[in-house]
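In: Sharing a model prediction with you, sequence too.
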Amino acid sequence: MKYISSSIQQTSDIVYIESRHFTKQFCLNQQQVESVQSRSRFCSISIIKSKSIQLDEYLQERQDRIRIFNHLLTKRLRAALNLTLDSFQLLRPLGEGGYGSVFLAYHPDTNEYLALKAITKSSLVETNEQHIILSERQYAFALQHPNIVQFLTSFKDNEYVYLAFEWLQGGDLYSLMSCHQLTELQAKFYSGQIIMALDYLHGCSIAFRDLKPENIVLTGHGYIKLIDLGLAKLIRGFSQTFCGTPHYIEIIMHRPYKFSPDYWTLGIIIHEMVTGSAPYDRTYHFHEAQSIESLEDSRSESTIENDSSDLVRTSSKHYNMYLRIINGCSFLHLTDMTEHCASLIRGLLQHNIEQRLGCGQRAMLDLLEHPWLTEINFWSLYRQKYIAPFLPARKHFLQVKDSDEMPSCFLLSINLVSFLLLTSLISCSSLFLPLNALSYYDNDRYLPLPDDHQPSIKFLTSFRNLRSTYYPRANRNTWFRVSTYQQFKPSGSEETPNGDNLMRWGR
Ligand SMILES: Nc1ncnc2c1ncn2[C@@H]1O[C@H](COP(=O)(O)OP(=O)(O)OP(=O)(O)O)[C@@H](O)[C@H]1O
């Protein structure tokens, strides 16, 4: 337990490998559409129709998911019996948030890795925030969506409440954005998934209320999931609670809202993804906020809106900072982006809720059909058919070469005997799977790494602790090489929990 209470030094060991295939898949689609369009008007109509059929399929799936959520929410959540901290091996810290520390844990009985969030009971009682943990447990339990982290189980001891989630291996969006400036197309890929997650949450009457890049985490395949439902709220009527993270604070906090704060923060995140910075001055630090706060209250001179009902809570410690954020967003010069992107961001950063994108009568449809997102086929994105723009890999351990040819000398030397030798070597090595490997794509599909149980489709070389594995491409004429530095662990694979093994967690 000392391990949990000690302060966590989090160092990100994730690197992001940019996919060369990501952009191609959209270009190809576009070309195909254009060439077909030029050939026949009839064909172009059928393509548009098929796209709208696919949108219908997505919307139908969304409805089914919402129905399942409502069904599960009415079920009483049972804490996992017989689970204690001793049931797990804590491997390393994954992160620390305001409410708890998160660890990568290994559960030997099920041979699974998971993220274990430990929340000190006393701190919750002191700050009277027990509802936060309760809400996270209850909603996370009932939510099932490819873009929302899967909750597995919970248990407690005298000091802590533990929440177990599927382990997301790819680091958060904030880390990705810190080392890569995203293109608009890449930003669309992530935005589309955030939109689908919000669409689902709002369909379940849940406002997320804490959307920020730190709460958006990449999977091993480079897709994203929302984490941290601590501030999520089931909204049956309207809410007026003042909450969120200061940088993403919604301007309307003191007037009734439903889901509109999530759209505002979506606008801020899309701006950050596309331009690399927030639409306001992020250097405006906490101490600066306090010093300005001691100055005269500038509320009456504010340029926010003349509408007196549009109140930002003046008693708030960060009141002036909020003002600055809001004002910053209203004077946006969106010049470094396409017109469609600018119109989407402007639409989301509307002060007036009625005019804000996503908050009108057509709700999320206005976003799903926005011109900036036309390249995205939401049904394909939902089923994760695209190659992700970035593939996360563990720094120092994994070296991936996308288009390495199989060395010709190596190919020539492969005869039956060496093949058999290699095969047996691979079978033996399954005892020593590298902990670091994630997954890799090959043209249009993802390959799990390592995949030592199919020795017939790959070759392996070892040099000291560096191991190279050659995978055949789909067309079988070329190869790509994945090199892993071995880190030995006793047994098992690094699969994250999936739908099937939820059963084992007593769901
Ligand atoms: N399922 C997960 N897989 C991998 N890493 C995770 C997972 N859940 C959380 N983390 C890491 O732990 C960090 C803190 O988690 P989380 O945001 O849930 O905690 P919190 O106490 O609710 O934080 P906050 O102060 O943002 O409310 C995240 O930023 C992320 O880096």
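Out: Looks like it came in fine.
In: For the stretch 201-350 of the chain, which residues are neighbours of the ligand?
Out: Residues of the stretch 201-350 of the chain found near the ligand (Cβ under 6 Å from any ligand atom) are 214-215, 217, 227-228, 230. Where C-beta positions appear, they are placed from N, C-alpha and C, glycine not excepted.
In: wait, isn't residue 185 in contact with residue 25?
Out: No - using Cβ atoms under 8 Å, residue 185 makes no contact with residue 25, being 9.9 Å away.
In: Among those two, which residue is more densely surrounded?
Out: A direct count of neighbours by other Cβ atoms under 10 Å for residue 185 and residue 25 places residue 25 higher, at 18 against 15.
In: In a helix, the more buried one, correct?
Out: Yes - according to DSSP: H, G, I helix; E, B strand; the rest coil, residue 25 belongs to a helix.
In: Run a quick check on it versus residue 389, I expect a contact.
Out: No - shown here, residue 25 and residue 389 do not form a contact pair, counting by Cβ under 8 Å, at 10.2 Å.
In: so which of the residues of the stretch 201-350 of the chain next to the ligand comes closest to the ligand?
Out: The nearest member of those to the ligand, counting by Cβ to the nearest ligand atom, is residue 228 at 3.6 Å.
In: Grab the nearest non-local neighbour of the closest one.
Out: residue 215 (4.7 Å; Cβ to Cβ, 6 or more residues apart in numbering).
In: how about the one you found, what does it touch?
Out: 172, 226-228 (Cβ atoms under 8 Å, 6 or more residues apart in numbering).
In: okay, the residues you listed in a markdown table with pLDDT, neighbour count and secondary structure next?
Out: Below are these laid out as a markdown table (pLDDT from 0 to 100; neighbours: other Cβ atoms under 10 Å; DSSP: H, G, I helix; E, B strand; the rest coil):
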| residue | pLDDT | neighbour count | secondary structure |
| --- | --- | --- | --- |
| 172 | 90 | 22 | strand |
| 226 | 95 | 23 | strand |
| 227 | 92 | 24 | coil |
| 228 | 84 | 25 | coil |
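In: Pretty sure residue 222 sits against residue 391.
Out: Yes - at 4.9 Å, residue 222 counts as touching residue 391 under the criterion of Cβ under 8 Å.
In: Tell me the pLDDT of the closest residue to the ligand within the chain.
Out: Using Cβ to the nearest ligand atom, residue 97 is the residue of the chain that sits closest to the ligand, at 1.9 Å. pLDDT for residue 97: 74.
In: now swap in residue 40 and tell me
Out: 38.
In: What parts of the stretch 51-200 of the chain come near the ligand?
Out: Residues of the stretch 51-200 of the chain lying near the ligand (Cβ under 6 Å from any ligand atom): 94-100, 102, 115, 117, 149, 165-168, 172.
In: what's the closest of the residues you listed to residue 273?
Out: Nearest to residue 273 among those is residue 172, at 12.9 Å by Cβ to Cβ.
In: got a list of what the closest one touches?
Out: Contacts for residue 172 (Cβ under 8 Å, 6+ apart) come out as 95, 213-218.
In: can you give me the helices for the stretch 101-250 of the chain?
Out: Counting by DSSP state H, counting those that start in this stretch, the stretch 101-250 of the chain has helices at residues 121-126, 130-142, 173-179, 184-203.
In: Can you tell me which of the residues of the stretch 51-200 of the chain next to the ligand end up in strands?
Out: Mapping those onto strands (DSSP state E) picks out 94-96, 102, 115, 117, 165-166.
In: Tell me which two of the residues you listed sit farthest apart.
Out: Distances among those were taken as Cβ to Cβ; the most separated pair is 96 and 166, at 19.0 Å.
In: Comparing the two, which residue is more hemmed in?
Out: residue 166 (21 against 14).
In: That one and residue 143, how far apart?
Out: Remark: distance between residue 166 and residue 143 (Cβ to Cβ, to the nearest Å) = 12 Å.
In: Could you tell me how many residues sit around the closest residue to residue 275 other than its chain neighbours?
Out: Closest residue to residue 275 apart from its sequence neighbours, by Cβ to Cβ, 6+ apart: residue 336 at 5.7 Å. Residue 336 has 10 neighbours, counted by other Cβ under 10 Å.
In: My assumption is that residue 336 lies in a strand; please confirm.
Out: No - with three-state DSSP as the criterion, residue 336 is coil rather than part of a strand.
In: Find residues that contact each of residue 222 and residue 391.
Out: Counting by Cβ under 8 Å, 6+ apart, the shared contacts of residue 222 and residue 391 are residue 19.
In: what are the phi and psi values for residue 181?
Out: Its backbone dihedrals place residue 181 at phi -80, psi 120, with angles given as degrees, to the nearest 10.
In: quick one: contacts for it?
Out: Residue 181 is in contact with residue 276, counting by Cβ under 8 Å, 6+ apart.
In: I'd like to know how far it sits from residue 390.
Out: From residue 181 across to residue 390, the span is 12 Å (Cβ to Cβ).
In: isn't residue 70 right up against residue 204?
Out: Yes - between residue 70 and residue 204 there is a contact under Cβ under 8 Å: 7.1 Å.
In: more crowded one of those two?
Out: Taking other Cβ under 10 Å, residue 70 and residue 204 do not tie; residue 204 has more neighbours (21 against 13).
In: residues contacting the more buried one?
Out: Residue 204 makes contact with 66, 69-70, 73, 142-143, 234 under the criterion Cβ under 8 Å, 6+ apart.
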